[in-house]
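Asker: Got a predicted structure plus its sequence, pasted below:
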Amino acid sequence: AVSDQAFVTLATNDVYCQGALVLGQSLRNQRLTRKLVVLITPHVSSLLRVVLSRVFDEVIEVNLIDSADYIHLAFLNRPELGVTLTKLHCWTLTRYSKCVFLDADTLVLSNIDELFERGEFSAAPDPGWPDCFNSGVFVFQPSLETHGLLLQHATDHGSFDGADQGLLNSFFSSWSTADIHKHLPFIYNLSSNTAYTYSPAFKQFGSSAKVVHFLGSRKPWNYKYNPQTGSLLEEGSELVTQHQASFLKVWWGIYHGSILPLYESIRDEQEHASPGRTACLGGVGAPCANSAPSAEGPCANSVPSARNLCADSAVGSSQAWPAEDPSETNVGVDETPPSPEGGHSEDVDLAVSISEMSLKEKVRELSPEEERRKWEEGHVDYMGQDAFARIQEKLDRFLQ
Ligand SMILES: O=c1ccn([C@@H]2O[C@H](COP(=O)(O)OP(=O)(O)O[C@H]3O[C@H](CO)[C@@H](O)[C@H](O)[C@H]3O)[C@@H](O)[C@H]2O)c(=O)[nH]1
Ligand SMILES: [Mn+2]
């Protein structure tokens, strides 16, 4: 094992943590010989910090950097990606001599240790514009000097996409021409949805894919999975190709087989540590918080044969930090200081039943009118809002 080199990822909220966990586990499954590091921001809940620490060697909190550059982000159609500038903090990991960064929406299919033979800055072409690299997988050398220069570059020039990929491409601008060794083969960053625009190439080389990247706005955790049959539940109009489906199944297979049991063992340990008490982690993460307050016990669930793991009960705080002047085109590098109490998080609901698993971001509470309209339209949320325990609670209140 090489202890001064590491695989690094980033998760700024509990939703992306689910991706980081699967990525970390997928690396562990491939004879891991380097350290595993995840960078998190203050919004990540205490429960997820505990879960992450079971998979990663180091869970390091960094400040959130947000470009708040809504103009460029709008071109990208991804207003949420300003926070990806937080990625730049990976250059501060100077206890490591060389690292490989992987987005939290990547999945490793075979051992990729050979990437450590490459130098800074190595990356694979972006499928949408191959003269640019995709910043989802890259080899870098931690250095406070480079870190400072990158932040300075962000302040001086902004980012042409409002996020890290634009910034890194303009900083490492000689990538496309200077040194072919710095072009990683596409199999190290195979985008799950775009590769098939050249399907003969996929047929020829696809089977040697080593890292799959679920690039784009639809992530593996936005799909539903049937753990019994190991199949995906098709939803919406978006067509999922056969190859894409097979990668998604690998992702969910790891989630179901290795990550979910982690939550369960942590919950069991918590219950053991404080029998008779509500299973709560640090007062923030409450793995069983989904049941109604008036339900029989902390882990009693209203839906038979279903378990609910609810990562946090606090209302999800938005990661967007509005710019003072929205017409500002430069990246005003905003850093939010870590909150003293550790902060709370984005919300994730993990709904599990015999036939269906899904991860949901908790949305804001609906008004009573909206709730009623949804109910009347037949959109009944049996696992949450409209769970029997909650209805009973309402009835009890009404009958008092
Ligand atoms: O709310 C967020 C959003 C992103 N991330 C992290 O940032 C990465 C990049 O975001 P992602 O949603 O994966 O972006 P992509 O769909 O992959 O889009 C592209 O564009 C991004 C912005 O330039 C680059 O960061 C990506 O590498 C590039 O593939 C994620 O994987 C996470 O590690 C978070 O932790 N929280
Ligand atoms: Mn990505």
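Answerer: Arrived safely, thanks for sending. Ligands and ions are numbered 1, 2, ... in the order given.
Asker: contacts, neighbours, all on C-alpha from now
Answerer: Will do.
Asker: Skipping its backbone neighbours, what lies nearest residue 357 in space?
Answerer: Distances taken as Cα to Cα, 6 or more residues apart in numbering place residue 225 nearest to residue 357, at 5.1 Å, with adjacent residues excluded.
Asker: How about the contacts made by that neighbour?
Answerer: With contact taken as Cα atoms under 8 Å, 6 or more residues apart in numbering, residue 225 is in contact with 231-233, 249, 252, 356-358.
Asker: between those, which has the most around it?
Answerer: residue 252 (26 neighbours; other Cα atoms under 10 Å).
Asker: looking at it, residue 166 is touching residue 154, isn't it?
Answerer: No - taking contacts as Cα atoms under 8 Å, residue 166 lies outside contact range of residue 154: 9.9 Å.
Asker: who has more neighbours, the two?
Answerer: Higher neighbour count among residue 166 and residue 154: residue 154, with 25 against 20, using other Cα under 10 Å.
Asker: My reading is that the more buried one lies in a helix. Confirm?
Answerer: Yes - Residue 154: assigned to a helix according to DSSP: H, G, I helix; E, B strand; the rest coil.
Asker: State the distance from it to ligand 1.
Answerer: 13 Å (Cα to the nearest ligand atom, to the nearest Å).
Asker: now do residue 227
Answerer: For residue 227 relative to ligand 1 (Cα to the nearest ligand atom), the value is 24 Å.
Asker: Isn't that residue up against residue 356?
Answerer: Yes - Residue 227 is in contact with residue 356 according to Cα under 8 Å; the separation is 6.5 Å.
Asker: Tell me where the stretch 1-150 of the chain has helices.
Answerer: According to DSSP state H, counting those that start in this stretch, the stretch 1-150 of the chain carries its helices in the segments 14-28, 46-55, 70-76, 144-157.
Asker: Can you pull out the residues in contact with stretch 185-198?
Answerer: By Cα under 8 Å, 6+ apart, stretch 185-198 touches 124-125, 127, 136-137, 202, 205-206, 208-215, 241, 243-244, 247.
Asker: Just the ones of these in helices?
Answerer: Among the contacts of stretch 185-198, the members found in helices (DSSP state H) are 202, 205, 243-244, 247.
Asker: Would you enumerate the residues in contact with the closest residue to residue 96 other than its chain neighbours?
Answerer: Distance criterion Cα to Cα, 6+ apart; nearest residue to residue 96, sequence neighbours excluded, is residue 4 at 4.5 Å. Residue 4 makes contacts with 34-35, 95-98, as judged by Cα under 8 Å, 6+ apart.
Asker: Can you say which of the ones in helices among the contacts of stretch 185-198 are buried?
Answerer: 202, 244, 247 (16 or more other Cα atoms under 10 Å).
Asker: Can you give me the distance of the second one to residue 192?
Answerer: For residue 244, the distance to residue 192 (Cα to Cα, to the nearest Å) stands at 5 Å.
Asker: And for residue 47?
Answerer: 30 Å.
Asker: These two: which is more packed in?
Answerer: residue 47 (25 against 22).
Asker: Can you check the pLDDT for the more buried one?
Answerer: Here the pLDDT value assigned to residue 47 is 94.
Asker: How about the residues of the stretch 101-250 of the chain by ligand 1?
Answerer: Proximity of the stretch 101-250 of the chain to ligand 1 (Cα under 6 Å from any ligand atom) is limited to residues 103-105, 134-136, 163-166, 215-217.
Asker: Between those, which sits nearest residue 119?
Answerer: residue 135 (15.1 Å; Cα to Cα).
Asker: Go ahead and confirm the closest one touches residue 165.
Answerer: Yes - with contacts counted by Cα under 8 Å, residue 135 reaches residue 165, the gap being 5.2 Å.
Asker: what's the burial count for the residue of the stretch 201-350 of the chain found nearest ligand 2?
Answerer: For the stretch 201-350 of the chain, the residue closest to ligand 2 is residue 215, as judged by Cα to the ion, at 4.7 Å. When neighbours are counted by other Cα under 10 Å, residue 215 registers 19.
Asker: who's in contact with it?
Answerer: Counted by Cα under 8 Å, 6+ apart, residue 215 has contacts 105, 191-193.
Asker: Heading C-terminal from whichever strand or helix holds the residue nearest to residue 357, find the next helix or strand.
Answerer: Take DSSP states H and E as the rule and residue 225 turns out to sit in strand 224-226. Using DSSP H and E, the next helix or strand after strand 224-226 towards the C-terminus is strand 231-233.
Asker: Sheet-wise, list the partners of that next one with their directions.
Answerer: strand 224-226 (antiparallel) (DSSP bridges).
Asker: mind checking how far stretch 34-51 is from the chain centre?
Answerer: Stretch 34-51 sits 11 Å away from the centroid of its parent chain (Cα atoms, centre = their mean, to the nearest Å).
Asker: next one: stretch 177-193
Answerer: 22 Å.
Asker: May I have the distance across that stretch, first residue to last?
Answerer: Start-to-end, stretch 177-193 (Cα to Cα) is 27 Å.
Asker: That stretch - what's its average pLDDT?
Answerer: 95.
Asker: Same question for stretch 251-261.
Answerer: On average, stretch 251-261 scores 95.
Asker: quick one, phi/psi of the residue of the stretch 201-350 of the chain closest to ligand 2?
Answerer: Here is the backbone geometry of residue 215 (degrees, to the nearest 10): phi -70, psi 150.
Asker: my read: residue 116 touches residue 100, true?
Answerer: Yes - counting by Cα under 8 Å, residue 116 touches residue 100, with 7.2 Å between them.
Asker: Find residues that contact each of the two.
Answerer: residue 139.
Asker: Between those two, which has more neighbouring residues?
Answerer: Neighbours of residue 116 and residue 100, each counted by other Cα under 10 Å, are more numerous for residue 100; the result is 25 against 17.
Asker: what does the model give that one for pLDDT?
Answerer: Residue 100 is given a pLDDT of 98.
Asker: can you check residue 322 too?
Answerer: 27.
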